[in-house]
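Chemist: dropping the sequence and predicted coords here.
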Amino acid sequence: MDSVLLHGEAEGYVKNLEKMPLKDVGSPRWFRQHEYIEKLNMQAILNASATQEEFVQELFVSSGKIPTLVYEMILIEVWKQKIFPILCQLQDFSPKSTFPLYMVIHHEATVINLLETIMFHQDSCESAEEAVLDLVDYCHRKLTLLAGKCARGDAPTADRITHAPDVDQSSVQELQNQSARLEFDIALKAMSVLRYITGHIESLGVSVLSRLLRTHNMPCVLVQLVEHCPWSRYTEGKVEKYVEGRWQAVAPRDHLKMTQQDGQLWIALLNLLLKPECQGKYDYNNFNKSQVLKLRGFLTEVLIDQLPVLGELQRFLSQLALTDPAPPKKDLILEQIPEMWSGIMDANAGKWKAIAKHQIKTAFNPSDSDLREQAQRLSQTYNLDVLESLIPEKPKCGLCGAEAAKRCSRCQGEWYCNRECQVKHWAKHKPACQLMAEATEKLQKDLSIRA
């Protein structure tokens, strides 16, 4: 299998990661760090998927850099909430290319993806130290927002990977739409990270436990996600599930098959409700009890057959329905509080518009030569052979769904098992193919790149 980084290169990248001020987002120094994290993320996934030595994870633990990753992710979260909307509203902002902006927007997804890979391990959670509290708060924000959107019927409808841009929208408007679609994937990654944190709760201290059960009432948030199941939908007479960035039709025999998101959600609930460290700490008042008992309606035999440990949760809920647990003891606790979000907000309060204007001048209005240099650096970062090795399964034919070995030579975005399927699918694929090909040609022309 191809490798992105050697151990020595990865060690240098990890050691050079640093916390940057908000105004430096998009700067050359920031983009260099972005490249480091992209490569570290790809290498971490390669190691984990091939069950090789996970040296990237070990380097983050030994160098104590996991808090830096968490800070970087929260920094971009703040940027997207405070700076990006201002950039989009400024009338005099019409960049030649929105590519640098997109890389900043995508950076948050890259960091949470890397954290999902490395936080699987207990020593990673322990190495994060106080940053685990900031990570818990981050996951709570993402999952609460997702649950709220689902409750309002505002679930995502478009694929992140295959969605074609709207030709009637400006490039900045399309960028806003891409950012919104990316939020769904980020929330799913946040759920996985939360599940790993709950799995190692016994070694993370009482402050983390209190934050999960008392401050944020995470069991009730997760119950909302079980109810609405945002990664599954019924459309045009078919059941579809969101897998690897796209909505995929599910065969009738697989309608009740548990997805990875289902498994992560149920295991997180199981940890929060049944782990010895959690029992006796959660307040089963009338509201919380009624919410948790809703889970009984979803614990079917088919579900328990796929994840037998849920039988313990079923028995616990049956007992809970017949009893009123005593409220948890109100012990005197010196509780730690997360500082990253509030620190970034306080340091930049009242400066949002000034930072946006500064970044327009210094980062998001690059010259042709700047764009060419960025394109060349990114072409070295994203090796196509390595990226394809990160795909968890073989590509599927765009028409029949069989395993595919050939792809559209024009857009490189759709796969087919044979020429016949490609011809039959052309009428449907043609609009997206033309858009993708034209966008690529325009980018190459803008950057003066010749194939």
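Modeler: Sure, I can see it. Numbering: from 1, shown residues only.
Chemist: next helix or strand past the helix-or-strand element of the chain with minimal mean pLDDT?
Modeler: Sorting the helices and strands of the chain by mean pLDDT, DSSP states H and E puts helix 384-389 at the bottom, at a mean of 50. Remark: after helix 384-389, the chain's next helix or strand is strand 406-407, criterion DSSP states H and E.
Chemist: what packs against the helix or strand that contains I197?
Modeler: Using DSSP H and E, I197 falls within helix 171-199. The contact analysis (3 or more Cβ pairs under 8 Å, 6 or more residues apart in numbering; DSSP states H and E) places helix 171-199 against helix 84-89, helix 99-118, helix 131-151, helix 260-274. Using the backbone N, CA and C atoms, a C-beta is placed for each residue, glycine as well.
Chemist: switch to 6 Å and redo it
Modeler: When contacts are defined as 3 or more Cβ pairs under 6 Å, 6 or more residues apart in numbering; DSSP states H and E, helix 171-199 packs onto helix 99-118, helix 131-151, helix 260-274.
Chemist: which parts of the following helix or strand past it are buried?
Modeler: Downstream of helix 171-199, the first helix or strand assigned by DSSP H and E is helix 206-210. Buried residues in helix 206-210, counting neighbours by 16 or more other Cβ atoms under 10 Å, are found at 207-210.
Chemist: residues in contact with helix 206-210?
Modeler: Identification of contacts with helix 206-210 by Cβ atoms under 6 Å, 6 or more residues apart in numbering yields 132, 201, 335-336.
Chemist: that older thread, gap between the helix holding I197 and the chain center?
Modeler: 4 Å (Cα atoms, centre = their mean, to the nearest Å).
Chemist: just want the angle from that helix to helix 131-151.
Modeler: Interaxial angle of helix 171-199 relative to helix 131-151 (axes from the mean of the first three to the mean of the last three Cα atoms, to 10 degrees): 120 degrees.
Chemist: tell me the angle of helix 171-199 relative to helix 260-274?
Modeler: Using the same axes, to 10 degrees: helix 171-199 against helix 260-274 is 40 degrees.
Chemist: identify whichever of the helices and strands packed on helix 171-199 lies nearest to V70.
Modeler: helix 131-151 (4.4 Å; Cβ to Cβ).
Chemist: and the contacts of the closest one?
Modeler: Outside helix 131-151, the residues touching it (Cβ under 6 Å, 6+ apart) are 67, 70, 187, 190, 193-194, 204, 208, 211, 216, 221, 224-225, 228, 230, 336, 338, 340.
Chemist: which residue ranges of the stretch 351-451 of the chain form helices?
Modeler: With helices called from DSSP state H, counting those that start in this stretch, the stretch 351-451 of the chain shows them at 352-362, 368-381, 384-389, 419-446.
Chemist: and what about the residue nearest to E240 when sequence neighbours are not counted, helix, strand or coil?
Modeler: Of all residues not flanking E240 in the chain, W247 sits nearest, at 4.6 Å (Cβ to Cβ, 6 or more residues apart in numbering). Recorded secondary structure, W247: strand (DSSP: H, G, I helix; E, B strand; the rest coil).
Chemist: distance of the closest residue to L115 other than its chain neighbours relative to A402?
Modeler: Take L115 and drop its neighbours on the chain: the residue closest to it by Cβ to Cβ, 6+ apart is V193, 5.6 Å away. Separation of V193 from A402 (Cβ to Cβ, to the nearest Å): 34 Å.
Chemist: burial count for E129?
Modeler: 14 (other Cβ atoms under 10 Å).
Chemist: give me the pLDDT value at the residue nearest to L115.
Modeler: Note for V193: predicted pLDDT of 96.
Chemist: try F298
Modeler: 95.
Chemist: contacts only, for it.
Modeler: Residues counted as contacts of F298 (Cβ under 6 Å, 6+ apart) are V226.
Chemist: specify the beta-bridge partners of the residue nearest to E240.
Modeler: Beta bridges link W247 to Y242, judged by DSSP bridges.
Chemist: could you check how far it is from A109?
Modeler: In terms of Cβ to Cβ, W247 sits 18 Å off from A109.
Chemist: and what of N348?
Modeler: On the measure of Cβ to Cβ, N348 and A109 end up 22 Å apart.
Chemist: ok, now E174?
Modeler: Relative to A109, and taking Cβ to Cβ, E174 is found at 17 Å.
Chemist: then R181?
Modeler: R181 is 11 Å from A109, by Cβ to Cβ.
Chemist: same question for V223.
Modeler: 26 Å.
Chemist: those two: which has the busier surroundings?
Modeler: V223 (22 against 18).
Chemist: pLDDT averaged over the strand or helix carrying the more buried one, what's the number?
Modeler: Using DSSP H and E, V223 falls within helix 218-228. For helix 218-228, the mean per-residue pLDDT is 95.
Chemist: buried residues in it?
Modeler: 218-219, 221-226, 228.
Chemist: and if you look at stretch 275-290?
Modeler: In stretch 275-290, counting by 16+ other Cβ under 10 Å, buried: 277-278, 281-282, 284, 288-289.
Chemist: what's the burial count for P338?
Modeler: 21.
Chemist: what do you get for S127?
Modeler: Count around S127 with other Cβ under 10 Å applied: 21.
Chemist: surely it touches I66?
Modeler: Yes. Contact criterion Cβ atoms under 6 Å: S127 and I66 qualify, at 5.3 Å.
Chemist: any chance of CSV for the buried residues of stretch 275-290, columns secondary structure, pLDDT and distance to Q306?
Modeler: Output for those, formatted as CSV (DSSP: H, G, I helix; E, B strand; the rest coil; pLDDT from 0 to 100; distance: Cβ to Cβ, whole Å):
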residue, secondary structure, pLDDT, distance to Q306
E277, coil, 88, 26
C278, coil, 89, 24
K281, coil, 89, 29
Y282, coil, 92, 26
Y284, coil, 93, 27
N288, helix, 94, 27
K289, helix, 95, 27
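Chemist: nearest to P328 among those?
Modeler: Distances from P328 to those, taken by Cβ to Cβ, are shortest for K281, at 5.2 Å.
Chemist: give the contact list for the closest one.
Modeler: K281 touches 213, 328, counting by Cβ under 6 Å, 6+ apart.
Chemist: now with 7 Å, please.
Modeler: By Cβ atoms under 7 Å, 6 or more residues apart in numbering, the contact list for K281 reads 209, 213, 328.
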